[in-house]
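Student: Dropping the sequence and predicted coords here.
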Amino acid sequence: MRVERRGDVAVWTLARPKAKNALDSATFEAIEEAIGGARADRALRAVVLTAEGDTFASGGDMRELRNALGPADAVRVAEVGRRMCDGIGALDVPVLAALPGAAIGGGAELALACDLRIADPRATLCFKHAHMGVTTAWGVLPRLVAVAGHAVASRLLLTGRIVDAEEGVRLGLFDAVSAPGGVLDHALAYAAEIARGAPQAIAGMKALLREACRAEGLREFERGRFVSTWTSADHAEAVEAFFEGRPARWTGR
């Protein structure tokens, strides 16, 4: 991931376009390092998280995770993703996701962890988890319900359907759609508007919004369900089906 400064705004760019910006261990580490740097930067006013290529983030790196199907692996995946999303949420400065394309699975969770989402017209959002035999794990479910409502969240999570940019704005998942190819500039303009506010007030507003989305007891319940689905035969089948380019054959185990 590249980290650069544009005045008082930081731009973080996921830079694995050939892998559709799949989230591997190195990417998780880079994001955590960037979060630490942002936490210590008293002159920072906002962050824009974007990506190279035509995909925002395609979820966990399947090649890295193909043989990581045990309980300890599930806990590790849940915890590293939770730290990343919690770290973004805990920053005093707003984080805006600038989506040049698809946000899939864990990539959709990463986008939802951000405070605002700006979409290129070709951007999509898809909670593909059920099609991979797993549940969400990174603690953003309360935000999804708060943003889109329980009925819409149910529809997206249970069907794994793809939401395009226009529908995403209508559902509240995206805050704006940019001109084609202009998503970063649009997000930077949004960030500059935010940066005109008083830093302590912005930090306070973000903290209040974070508390409004808190769901006590859900975090451990979510992790437990993730571990049980990650270690299931259906998840193992979904992984192999992905690499073989075929539909998964579910057994319910």
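Tutor: Cool, the structure landed. Predicted model only: the values in this text are computed from it and were never measured.

Student: how about the helices in the chain?
Tutor: Applying DSSP state H to the chain gives helices spanning 25-40, 62-65, 71-90, 106-113, 141-148, 150-159, 165-171, 183-195, 199-212, 218-230, 233-244.

Student: Out of those helices, point me to the one whose mean pLDDT is lowest.
Tutor: Ranked by mean pLDDT, those bottom out at helix 218-230, with a mean of 87.

Student: thinking again about what came up before, which one, of the helices of the chain, ends up nearest to Trp250?
Tutor: Taking C-beta to C-beta as the measure, the helices of the chain were each checked against Trp250, and helix 233-244 came out nearest at 5.4 Å. For every residue, glycine as well, the C-beta is placed using N, CA and C.

Student: Can I get that closest one in CSV? Just the C-alpha atoms.
Tutor: Below are the C-alpha coordinates for helix 233-244, written out as CSV (Å, rounded to 0.1, in the frame of the first residue of the first chain):
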residue,chain,number,x,y,z
ALA,A,233,-16.9,-28.5,5.1
ASP,A,234,-19.0,-26.0,3.1
HIS,A,235,-16.3,-23.3,3.4
ALA,A,236,-13.6,-25.7,2.3
GLU,A,237,-15.8,-26.7,-0.6
ALA,A,238,-16.3,-23.0,-1.5
VAL,A,239,-12.6,-22.4,-1.6
GLU,A,240,-11.9,-25.3,-3.9
ALA,A,241,-14.9,-24.4,-6.1
PHE,A,242,-13.3,-20.9,-6.4
PHE,A,243,-10.1,-22.2,-7.7
GLU,A,244,-11.8,-24.7,-10.0
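
Student: List the contacts of that helix.
Tutor: Contacts made with helix 233-244 from outside it, assessed by C-beta atoms under 8 Å, 6 or more residues apart in numbering, are listed as 62, 65-66, 69, 131-134, 229, 247-253.

Student: Swap in 7 Å and give it another go.
Tutor: For helix 233-244, the external contacting residues (C-beta atoms under 7 Å, 6 or more residues apart in numbering) are 62, 66, 69, 131-134, 229, 247-253.

Student: cool, stretch 201-209 as well?
Tutor: So stretch 201-209 is contacted by Asp92, Pro94, Asp115, Ile194 (C-beta under 7 Å, 6+ apart).

Student: just to revisit the earlier point, return the most buried member of the helices of the chain.
Tutor: Across the helices of the chain, averaging neighbours per residue (mean count of other C-beta atoms under 10 Å) puts helix 106-113 on top, at a mean of 26.

Student: what's that helix packed up against?
Tutor: For helix 106-113, the elements it packs on are strand 55-57, helix 71-90, strand 124-126, judged by 3 or more C-beta pairs under 7 Å, 6 or more residues apart in numbering; DSSP states H and E.

Student: To what extent is Gly217 buried, counted in neighbours?
Tutor: Residues near Gly217, counting by other C-beta atoms under 10 Å, number 7.
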